[in-house]
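>>> Let's see this in three dimensions:
(chains A and B)
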Amino acid sequence: MHQTSHSIRFLYKGRYPPVLVPLTTCYPKNKHMAWYKREKKGIITPTSAKKETPEGHWYKCPKCKNVMNSRDHKQNAYTCIECNFHARIGSKEYFEVFFDKNEFTELDANMMSGDPLNFSDTKTYPTRIQQSQYKSGLKDAVRTGHGKMKGENIVLAVMDFGFIGGSMGSVVGEKISRAIDFAREKKYPLIVVSKSGGARMMEAGYSLMQMAKTSAKLALLAEAKVPYISLLTDPTTGGVSASFSMLGDFNIAEPEALIGFAGPRIIRETIGRDLPEGFQTSEYLLEHGFLDFIIDRTEMKNKLAGLIKMLK
Amino acid sequence: MLLDFEKPIAELEQKLDDMKQLAVESDANVADAIKVLEQNILKVKKETYTNLTRWQRVQLSRHQNRPYTLDYIHEMCDNFVELHGDRNIADDKAMVGGFGDVNGQTVMFIGQQKGRNTKQRQYRNFGMANPEGYRKALRLMRLAEKFDKPIVTLIDTPGAFPGIEAEERGQAEAIARNIKEMFTLKVPVICIVIGEGASGGALGIAVGDKVMMLENTWYSVISPENCSTILWRSWDYKEQAAEALKLTADDMKGFKLIDEIIPEPLGGAHANPKSTYETVKQVILKEIKALQKLSTEELVNRRIEKFSGMGEVQE
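Predicted coordinates for the structure are as follows:
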């Protein structure tokens, strides 16, 4: 008896001791009754949520909804292997894409934002910064570094949209300015990957002047005849598009990126009508003469290295 | 149309007028009363205008009687030749410019122009320039450089125009190019915010050796209304947004993001336009004289260095 009770305990995970249910309640009383009774009405989980796969192993393209192995997606430079959708990626991933063997030396890695205005809206600016740093694992919205791309020395600056919308405050302005200075000193070609909603409101006037500062440095870089490639990615708008990202010797973009000065919502509200299809996309900008070419992320490294070699 | 804080002053002034009228019509001896009232008005005015909130300064900067770019130009110049067009697509009515003589000194004036009534406002697109406006400005700046004339820009814009055509013709590129090219100009460049200085639309003509703001103007990365909409998700927090943005001349001078503040007469530029024009004119002449002593190399290097030092970071 003791032995039996132990083995039941071992196998049985439910309430112990088990409650015995009268047999009559366990099977359909007549042939119209189902074996199981649905207590809630209808199916409440939407289909899209059901197809969600655990993070890490699988990647689901937000555009074509195809599911692919994360490793394949990564090897394809974080673009969809089915529909070529370019996922929004950050500095870490772009460094992988551009630098040979992902080897690079980071510049000003520890630079952080101050709070010159003592700014506060629904929360204080330092709180916002801290929360963003915690969430993203980044110090601010840009990382800069130098290393080799197909054997060519380059300086690379990449913006992170995950950090307060990739907004440009003093840190972004200063790091990009120093990266430009470094490129000028070493005569290494400069590539800046823009991905930003614009200037950072919480640094107000300071943010605005970063547009001037970075542009001033680019004027010096141009004078030194060092090539500057500006890569515009989804999205690039506001103060970033109206300064360094539109000032490349070569302005290039990833496919289907949103690029513009004013955001679509503001324009819609100002003019009071709907915007044409494809408005403010990379393709639209190419058509209107503001880009040199659009390039897939998978071909980027080869093509840019080739271009840089031609300029030597 | 009076602003809220202008109303008590206007009432007192009305009272004063009535009293003066009374003095003329009857023999009542009100000279003393008038004197007291005048002193009182002055006191109230001083109190009001030295304690303006940031939002109130924003309101003053947009005051409908405030002098606009062409008012300054016409009043300061003995002779003005307006020049039009970007030589590419159009003439932007929101951006005006041309050569003017100020006390015998030829100056290239460039600035955003607002309109005073509904019709004019539409014609000037509310002082919001399109890309062709910025390209027109750059063309005129290069023209000034060619003939070795100093450049004065007058900034008064609620922002660069956000429209379909503006995007189509490259608003971002036009502004970016202006900012960069202005650093290479080989002549003195003086920039004065005379009203609103909103974001990239202002900066597109505001890179200079001397950047100044009139006392009751604002200059920042975004208007208080738009800032309120984005951060508070409502239009109603514009006063708080104005405080948070620290966008007044005092603030900007304190941050060393501008070089000088140009004082306005008591009650604002519109209270005594004549004296405002004269003050601005004298400031321009003085600054040009000082900047002309520098070599072109010094001029350009100093300009680049000044803006390169702007920003606050921790390392």
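>>> just the helices in the stretch 201-312 of chain A please.
For the stretch 201-312 of chain A, the helices defined by DSSP state H, counting those that start in this stretch cover A:204-223, A:238-241, A:264-271, A:282-287, A:297-310.
>>> again with chain B
B:7-25, B:31-50, B:54-61, B:69-76, B:118-123, B:131-146, B:164-168, B:171-182, B:199-203, B:224-231, B:238-245, B:249-254, B:273-291, B:296-308 (DSSP state H).
>>> Tell me which of these is the most buried.
Most buried of these by mean neighbour count (mean count of other C-beta atoms under 10 Å in any protein chain shown) is helix B:199-203; its value is a mean of 29. From N, CA and C alone the C-beta is placed, and that goes for glycine too.
>>> List the contacts of that one.
With contacts defined as C-beta atoms under 8 Å, 6 or more residues apart in numbering or on different chains, helix B:199-203 is touched by A:199, A:208, A:211-212, A:238-239, A:242-243, A:261, B:112, B:128-129, B:155, B:157-161, B:172, B:175, B:179, B:193, B:196, B:219-223.
>>> So which of those belong to strands?
Among these, DSSP state E puts B:112, B:155, B:157, B:193, B:196, B:219, B:220 in strands.
>>> so can I have CSV of the helices of chain B showing distance to residue A:138?
Shown next, in CSV, are the helices of chain B (distance: least, C-beta to C-beta, whole Å):
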stretch, distance to residue A:138
helix B:7-25, 51
helix B:31-50, 44
helix B:54-61, 32
helix B:69-76, 43
helix B:118-123, 45
helix B:131-146, 34
helix B:164-168, 30
helix B:171-182, 25
helix B:199-203, 25
helix B:224-231, 21
helix B:238-245, 24
helix B:249-254, 29
helix B:273-291, 42
helix B:296-308, 25
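>>> Reformat these into TSV and put mean pLDDT next to each item.
TSV is the format used below for these (pLDDT from 0 to 100):
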stretch	mean pLDDT
helix B:7-25	88
helix B:31-50	89
helix B:54-61	96
helix B:69-76	97
helix B:118-123	96
helix B:131-146	98
helix B:164-168	95
helix B:171-182	98
helix B:199-203	97
helix B:224-231	92
helix B:238-245	95
helix B:249-254	97
helix B:273-291	97
helix B:296-308	97
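>>> So which of the ones in strands among the contacts of helix B:199-203 wins on neighbours?
residue B:112 (35 neighbours; other C-beta atoms under 10 Å in any protein chain shown).
>>> which residue packs closest to that one, ignoring adjacent ones?
residue B:157 (4.1 Å; C-beta to C-beta, 6 or more residues apart in numbering or on different chains).
>>> Would you check how far apart the one you found and chain A are?
As judged by C-beta to the nearest C-beta, to the nearest Å, residue B:157 and chain A stand 13 Å apart.
>>> Specify the beta-bridge partners of that residue.
Note on residue B:157: beta-bridge partners residue B:197, judged by DSSP bridges.
>>> residues in the stretch 1-150 of chain A within reach of chain B, list them.
Residues of the stretch 1-150 of chain A lying close to chain B by C-beta under 8 Å from any C-beta of the partner chain are A:108, A:110, A:111, A:112, A:113, A:114, A:116, A:117, A:119, A:120, A:121, A:122.
>>> Would you mind listing which of these are buried?
For those, a burial check counting by 16 or more other C-beta atoms under 10 Å in any protein chain shown picks out A:108, A:111, A:113, A:114, A:116, A:117, A:119, A:120, A:121.
>>> Let's see the distance spanning stretch B:60-80 from one end to the other.
Distance across stretch B:60-80, first residue to last, is 28 Å (C-alpha to C-alpha, to the nearest Å).
>>> Is there any residue in that stretch that contacts chain A?
No. Against chain A, stretch B:60-80 shows no contacts by C-beta under 8 Å from any C-beta, the least distance being 14.9 Å.
>>> How far off centre is that stretch?
How far stretch B:60-80 lies from its chain's middle: 9 Å, per C-alpha atoms, centre = their mean, to the nearest Å.
>>> just checking, residue B:170 touches residue A:287?
No. Contact criterion C-beta atoms under 8 Å: residue B:170 and residue A:287 do not qualify, at 11.9 Å.
>>> Those two - which one has more neighbours?
Shown here are residue B:170 and residue A:287; by other C-beta under 10 Å, residue B:170 has more neighbours (22 against 12).
>>> Could you check how far the more buried one is from residue A:86?
Applying C-beta to C-beta, to the nearest Å, one obtains 23 Å for the distance of residue B:170 from residue A:86.
>>> who's in contact with the residue in the stretch 51-200 of chain A positioned nearest to chain B?
With C-beta to the nearest C-beta as the measure, residue A:170 is the residue of the stretch 51-200 of chain A nearest to chain B, at 3.6 Å. By C-beta under 8 Å, 6+ apart, residue A:170 lies in contact with A:113, A:114, A:116, A:203, A:206, A:207, A:210, B:311, B:312, B:313.
>>> Turn those residues into CSV, including pLDDT and distance to residue B:139.
Shown next, in CSV, are those (pLDDT from 0 to 100; distance: C-beta to C-beta, whole Å):
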residue, pLDDT, distance to residue B:139
A:113, 95, 38
A:114, 94, 39
A:116, 95, 36
A:203, 96, 32
A:206, 97, 30
A:207, 97, 29
A:210, 98, 26
B:311, 95, 31
B:312, 94, 35
B:313, 95, 36
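>>> If you drop the residues flanking it in sequence, what lies closest to residue 284?
As the question left the chain open, I've gone with chain A. Closest residue to residue A:284 apart from its sequence neighbours, by C-beta to C-beta, 6+ apart: residue A:278 at 5.4 Å.
>>> Please refer instead to chain B.
Excluding the flanking residues, the one nearest residue B:284 by C-beta to C-beta, 6+ apart is residue B:152, at 5.7 Å.
>>> repeat for residue A:231
Closest to residue A:231 by C-beta to C-beta, 6+ apart is residue A:193, at 4.7 Å.
>>> What is the neighbour count of the one you found?
When neighbours are counted by other C-beta under 10 Å, residue A:193 registers 27.
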